[in-house]
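> sequence unknown, structure follows:
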């Protein structure tokens, strides 16, 4: 029964809260999710300057104090949004577990015994398709717009490519490389060069308004040409 009294109303408001009016521990994760989802929506829609913590709190149905209890300031909240979004859209090749949110294009581990060309081609396609998804392009537009303001967030062109593609490609190269320090030292540069060749051009065109579907359809030819170029220059020598 709901009592139509001031005391009853107050009791209803505080129902489900722990000591001191704080949410019980079972609901803290729910609040975290609501805050990140609200901040993501607002940052993508209005940018950093056009979004306030008051707006995030209202959209998340959470108190402003709940935000500052988790994030020191709006910049820290943006960092959390970027990290969470990249983890969701571009999960690490070895990531496992129920706490990992589903990716727009799941990047499952490849079979390490495949020939290097096949592994690179398949991984390259997965990275390109994931990067050209609507959610990924919306995030990348935000990163491009805000990167000059936050140089410490690793949001420049090289940093973006590293986080959305190079790490994945490096894992593919390392899976078939011999256990040799000199060879292992060449994995990261080779992955960076491959990612630059196959990912930078379609991303630039997509951000300028080209149709992502057409760019994804053209990716196999670009990936094949990139592999040919890297093999011809010796960049991939010893990595198979």
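Here it is on my side, so go on. What you see is a predicted model, and the numbers here were worked out from it, not measured in a lab. Numbering: from 1, shown residues only.
> Provide a list of residues in contact with the residue nearest to residue 37 when sequence neighbours are not counted.
The spatial neighbour of residue 37 that comes closest, neighbours along the chain excluded (CB to CB, 6 or more residues apart in numbering), is residue 60 at 7.2 Å. Just so you know, the C-beta spots here come from the backbone N, C-alpha and C atoms, and that holds for glycine as well. Neighbouring residues of residue 60 by CB atoms under 8 Å, 6 or more residues apart in numbering: 31, 34, 35, 37, 38, 39, 66, 67.
> Now restrict those residues to buried residues only.
31, 34, 35, 38, 39, 66, 67 (16 or more other CB atoms under 10 Å).
> what about the fourth one, which SS state?
Three-state assignment for residue 38 (DSSP: H, G, I helix; E, B strand; the rest coil): helix.
> measure it to residue 129 for me?
As for residue 38, its distance to residue 129 is 28 Å (criterion: CB to CB, to the nearest Å).
> what are the phi and psi values for residue 197?
Geometry field for residue 197 lists phi and psi as phi -70, psi -40, criterion degrees, to the nearest 10.
> Measure how buried it is and give me the count.
For residue 197, the number of neighbouring residues by other CB atoms under 10 Å comes to 17.
> swap in the one 10 residues further on?
Neighbourhood size, residue 207 [other CB under 10 Å]: 12.
> One more: residue 86?
Residues lying near residue 86 (other CB under 10 Å) number 16.
> Regarding the nearest residue to residue 170 once chain neighbours are set aside, what is its secondary structure?
In space, not counting the residues next to it along the chain, residue 170 is nearest to residue 191; the distance is 3.8 Å by CB to CB, 6+ apart. Three-state call for residue 191 (three-state DSSP): helix.
> and residue 191, what does it touch?
Counting by CB under 8 Å, 6+ apart, residue 191 has contacts 166, 167, 169, 170, 172, 173.
> Quick check: can you list the domain ranges of the protein?
Domain assignment for the chain by automatic domain parsing gives 27-79, 90-95+102-232.
> mind listing what the residue nearest the centre of the chain touches?
Geometric centre of the chain, nearest residue: residue 86, 0.7 Å, by CA atoms, centre = their mean. Residues in contact with residue 86 (CB under 8 Å, 6+ apart) are 139, 163, 164.
> how deep is the last one tucked in, by neighbour count?
Read it as residue 164. Using other CB under 10 Å, the number of residues around residue 164 comes to 22.
> likewise residue 220?
Here the number of neighbours of residue 220 (other CB under 10 Å) works out to 14.
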